[in-house]
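# Model the following, please.
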Amino acid sequence: MSFQLGKNITATLTYYDVMDFPLTSFEIWKHLLEYDEHQAVRDENVSLSAIWDILHSPQLAPRISERDGLYCLRGREHLIEERIRRDKLSVRKLKRMKRLVSWLAFLPYLRMIGATGSLSMKHGERGSDWDMFVVLKSGRMFTGRTVLTGFLQLIGRRRHGRAIANRACLNYFVTDDHLEIDTKDLFSAHEYRFLIPLLSFDTFQSFERANHWISRFKPNHEATLIPSRLTVEESPRMRTVQVWLERALDLILVEGMLAQWQKKKIARNPKTQIQGGLIQATSQALVFLPHPRGPRVYEQFKTRLRA
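Numbers count the residues shown, from 1 in each chain. All right, here's what the predicted structure looks like:
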């Protein structure tokens, strides 16, 4: 048991080393991988104290280092100071992101916004954008996306061209009747367990229930019961404004026209032809990831594990 657990801990640290991300002992327990399968540990009875004991055993002493409660592979100690620096920077960025989301809460058909990517891990850089996972009302995917994108463009907070730092990156939309993520792999499980709900904690809880498959990869994670301090408190006034805007837009009947226009625009984008890209354009999911990170992380992980 202890020998296999040591290998699993090594695999877990190696996976997150690909992302230059040292882990606390609690994070190792939460994200523990199985060395041989490169998936979640199937023995769900591994305790935090068992993790602690192996981390400080002679078995792992030649392989890992620890400082300030953070563990990394030996020779990668500089990442500990880097994580602490990025954590402080990301907290400031997330507070700014929350302020922006508080201004978006009244927009029609918007049901949830979550922070993903490096910021949700609190591992962003100065030049980082703000990756957003967006949930829109069923049947209003293209109208909701147009309104959100247009508003962010108007206030100068939409990422485009070389304007990247501290701007919203809108590359993943789903509707509230299609909350289950289609891509079910290790990286997706990682990505959406780190997601920070910025708007609508109720919808976020529905999102967690719809994606229970994540527990296959993260068996030590439990459902989120308390909103994050970064979650915007929705006011009745904002909700009233949103309802009236939705009623007004419902009278115009532009969803079909906008769907046709946006699908054609996406199809003409040369990035949609990149091999290995993740592109979806349906009434339930709009995903534009021409260079998905998951496969690259997994290949680097396997290479480092063999080494």
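# Excluding chain neighbours, what is closest to Ile279?
Thr272 (4.9 Å; Cβ to Cβ, 6 or more residues apart in numbering). C-beta: built from backbone N, CA, C; applies to glycine.
# can you pull out the strands in the chain?
Using DSSP state E, the strands of the chain run over 33-34, 39-40, 64-67, 70-73, 110-115, 130-136, 168-175, 196-199, 278-281, 285-289.
# And the spatially most central residue of the chain, its phi and psi?
Centroid-nearest residue in the chain, with Cα atoms, centre = their mean: Thr116, separated by 2.9 Å. When read as degrees, to the nearest 10, the backbone of Thr116 gives phi -130, psi -170.
# Just grab the bridge partners of the residue nearest to it when sequence neighbours are not counted for me.
Nearest residue to Thr116, sequence neighbours excluded (Cβ to Cβ, 6+ apart): Asp131, at 4.5 Å. Per DSSP bridges, the residues bridged to Asp131 are Cys169.
# Would you mind measuring from Asp131 to Leu170?
9 Å (Cβ to Cβ, to the nearest Å).
# ok, Ile113 - how many residues close by?
Using other Cβ atoms under 10 Å, Ile113 is surrounded by 29 other residues.
# Contact partners for it?
Contact analysis of Ile113 by Cβ atoms under 8 Å, 6 or more residues apart in numbering lists Val101, Leu104, Met132, Phe133, Val134, Val135, Pro197, Leu198, Leu199, Ser200.
# just the helices in the stretch 101-250 of the chain please.
Secondary structure of the stretch 101-250 of the chain (DSSP state H, counting those that start in this stretch): helices located at 117-120, 141-154, 186-193, 201-210, 236-250.
# Reformat those into CSV and put mean neighbour count next to each item.
What follows is the helices of the stretch 101-250 of the chain, written out as CSV (neighbours: other Cβ atoms under 10 Å):
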stretch, mean neighbour count
helix 117-120, 22
helix 141-154, 19
helix 186-193, 20
helix 201-210, 18
helix 236-250, 13
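# Columns mean pLDDT and distance to Ile226 on top of those, output as TSV?
Converted to TSV, the helices of the stretch 101-250 of the chain look like this (pLDDT from 0 to 100; distance: least, Cβ to Cβ, whole Å):
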stretch	mean pLDDT	distance to Ile226
helix 117-120	95	17
helix 141-154	97	27
helix 186-193	94	16
helix 201-210	97	9
helix 236-250	95	22
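# Which among the ones you listed is found nearest to Asp20?
Asp20 sits nearest to helix 117-120 of all those, at 9.9 Å, using Cβ to Cβ.
# and that closest one, what does it pack onto?
If you count contacts as 3 or more Cβ pairs under 8 Å, 6 or more residues apart in numbering; DSSP states H and E, helix 117-120 packs onto helix 78-104, strand 130-136.
# Just put these in TSV and tack on distance to Thr231 and mean neighbour count.
Putting the helices and strands packed on helix 117-120 into TSV (distance: least, Cβ to Cβ, whole Å; neighbours: other Cβ atoms under 10 Å) gives the following:
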stretch	distance to Thr231	mean neighbour count
helix 78-104	8	17
strand 130-136	14	25
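# what's the nearest residue to Val254 once chain neighbours are set aside in contact with, if anything?
Distances taken as Cβ to Cβ, 6+ apart put Thr143 closest to Val254, at 6.0 Å, once the chain neighbours are dropped. By Cβ under 8 Å, 6+ apart, the contact list for Thr143 reads Pro108, Tyr109, Leu249, Val254, Glu255, Leu258.
# list the buried ones in stretch 7-25?
7-19, 21-23, 25 (16 or more other Cβ atoms under 10 Å).
# Run the chain-centre distance for that stretch.
Relative to its chain's centre, stretch 7-25 lies at 18 Å (Cα atoms, centre = their mean, to the nearest Å).
# Need the residues that contact it.
Residues contacting stretch 7-25 (Cβ under 8 Å, 6+ apart): 28, 31-36, 38, 41, 48, 51-52, 54-55, 60, 63-64, 69-73, 76, 79-80, 82-83, 121, 123, 186, 297, 300-301, 304-305.
# Cheers, nothing more for now.
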